[in-house]
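*Asks:* Okay, sequence plus prediction incoming.
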Amino acid sequence: VWVAFMTAFPFAELAHVYPEAGAGGPCYFAERAFKHSKIRFLRRWTRFMKWYMGWAIHLFYWVYPGVTTALMAQTIQYLINSAPSRVGQAPISAGAVCGIAIACAAVVALVAVMGINFSTTFNIGVVIMQTGAIIMYGVLWATFRQVNPLDLTSDEWAFAEASDVWKVHSGVGMLYQSSIAILILVG
C-alpha cells in the first residue's frame, strides 16, 4: 500500500504542477527533471531518459497484461490439475492451457470494452474477493495454529510462536512477500 501511495502522490503533485504534460506525463517529467537540472552532467542525459521512460511505460502496458494473463491461465491449470477428481490422471494439455489463456484475455478485454463504470465495479468486486480471501486464510491459519490438529511441539513448527510470522526473518523472504502483496494490490 505504501508503495502505491509513494508513487501516486508524487505523480498527482507533478500532474498538478505541470498540467501541460498530458498523457505523456512520465516522459515530460523526466525531460523537465534532467533538462533543467542544476547538475550539468545530467542535462546530457535528458533525451535518453525521456526515451527510456517512454519505452518503460510502453513495455509496462504491453508486458504486464500478458504476464497477468499467463498467471491467470497457470493458476487455473493448477487448480484443475489439483482437483480431487483428477487424481491419477494426466495433466491438462498445453493446448488447453493456451485456450484458457485466450479465454482469460478475452474476459479482461470484455471488461475493458464495457467501459470505465463496469471496470470499476468489476475491480471493486475483485478487491472484495481478495480481501475476503486474505481474511479467510488468516482465520484458517490462526485456527490451525491454535487447534494444532497435528499435535506438533513448538520445535516442529516453522515458527516457534504465532507472533514470529509477523517478524522479518530474511531480506529475501521480505522481498518475496512484498512482491506478492504488490501483485495482490495491482492485480
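*Replies:* Great, that's in hand.
*Asks:* Only C-alpha atoms from now on, for both contacts and neighbour counts.
*Replies:* Will do.
*Asks:* Could you list the low-pLDDT ranges of the chain?
*Replies:* Residues of the chain meeting the criterion pLDDT under 70: 1-4, 162, 182-187.
*Asks:* Got the phi and psi for the residue of it most remote from its centre?
*Replies:* The C-alpha centroid of the chain is most remote from residue 40, which lies 37.4 Å away (Cα atoms, centre = their mean). When read as degrees, to the nearest 10, the backbone of residue 40 gives phi -60, psi -40.
*Asks:* Please report how far residue 73 lies from residue 102.
*Replies:* Going from residue 73 to residue 102 by Cα to Cα, to the nearest Å gives 9 Å.
*Asks:* Comparing those two, which residue is more hemmed in?
*Replies:* Higher neighbour count among residue 73 and residue 102: residue 73, with 22 against 15, using other Cα atoms under 10 Å.
*Asks:* Would you agree that one is in contact with residue 104?
*Replies:* Yes - counting by Cα atoms under 8 Å, residue 73 does reach residue 104; the two are 7.0 Å apart.
*Asks:* which outside residues touch stretch 12-29?
*Replies:* If you take Cα atoms under 8 Å, 6 or more residues apart in numbering as the criterion, stretch 12-29 is touched by 49, 50, 51, 53, 54.
*Asks:* Just the helices from the chain, written as ranges.
*Replies:* In the chain, helices defined by DSSP state H lie at 2-17, 25-35, 40-43, 46-82, 94-113, 116-147, 171-186, listed in chain order.
*Asks:* So which of these is nearest residue 161?
*Replies:* Closest approach to residue 161 among those is made by helix 116-147 (9.4 Å; Cα to Cα).
*Asks:* what packs against that closest one?
*Replies:* Packing partners of helix 116-147 (3 or more Cα pairs under 8 Å, 6 or more residues apart in numbering; DSSP states H and E): helix 94-113.
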